[in-house]
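Participant: what's the 3D shape of this:
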Amino acid sequence: MTCCVEEYITYMQNEKHKSKNTVESYRRDVTQYITYLTNVKVTDAQRATKYDVITYLAELKKSGRAPASISRMLTSLRSFYAYLKINNDAISMMIFLEVPFSAIDTLSALLILAYLST
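Facilitator: Numbers count the residues shown, from 1 in each chain. Sure, this is the predicted structure:
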């Protein structure tokens with residue numbers, strides 16, 4: 001999965017002309033997400049489910065991340081999945097990633113409880 005992250009970062013630098021700080025934030029956020037997916041045995045970001053993303057965001061909240069940080073990470077994931085979609089990779093996540101951050105906040109408590117009960 002690392003290869004698609006590096007291609008994405010190159011795209012953000014060369015095609016989107018994002019600032020160095022933005023690119024580094026996106027790299028860090030997407031790499032952290034990919035690590036999470038690997039830890040939960042998802043070997044391909046394109047095969048991640050909406051539940052995987054919501055659970056990841058709930059984990060971030062549970063670990064004490066500030067709402068602004070989680071929101072930025074969600075923005076990074078939206079951008080990453082948009083890049084994958086542009087490159088003709090089948091992504092069903094785009095619908096989920098259009099959900100406003102406030103809706104995730106509402107779902108977080110339920111997901112954390114569901115996650116802890118497994």
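Participant: what comes up buried for the helix or strand in which residue 73 is found?
Facilitator: Here residue 73 sits within helix 67-86, counting by DSSP states H and E. Within helix 67-86, the residues that count as buried by 16 or more other CB atoms under 10 Å are 70-81, 83-85. Bear in mind the C-beta positions are built from the backbone N, C-alpha and C, glycine included.
Participant: name the helices or strands packed onto it?
Facilitator: Contact partners of helix 67-86 among helices and strands, from 3 or more CB pairs under 8 Å, 6 or more residues apart in numbering; DSSP states H and E: helix 2-14, helix 20-39, helix 50-62, helix 93-97, helix 101-116.
Participant: ok, of these, where does mean pLDDT dip lowest?
Facilitator: Per-stretch mean pLDDT for those is lowest at helix 93-97 (a mean of 49).
Participant: In the protein, which residue is most central in space?
Facilitator: For the chain, the residue nearest the mean C-alpha position is residue 77 (3.4 Å; CA atoms, centre = their mean).
Participant: Please give me every residue in contact with that residue.
Facilitator: 29, 30, 33, 53, 97 (CB atoms under 8 Å, 6 or more residues apart in numbering).
Participant: from what I can see the second one touches residue 80, true?
Facilitator: Put plainly, it is residue 30. Yes: using CB atoms under 8 Å, residue 30 is in contact with residue 80, at 4.9 Å.
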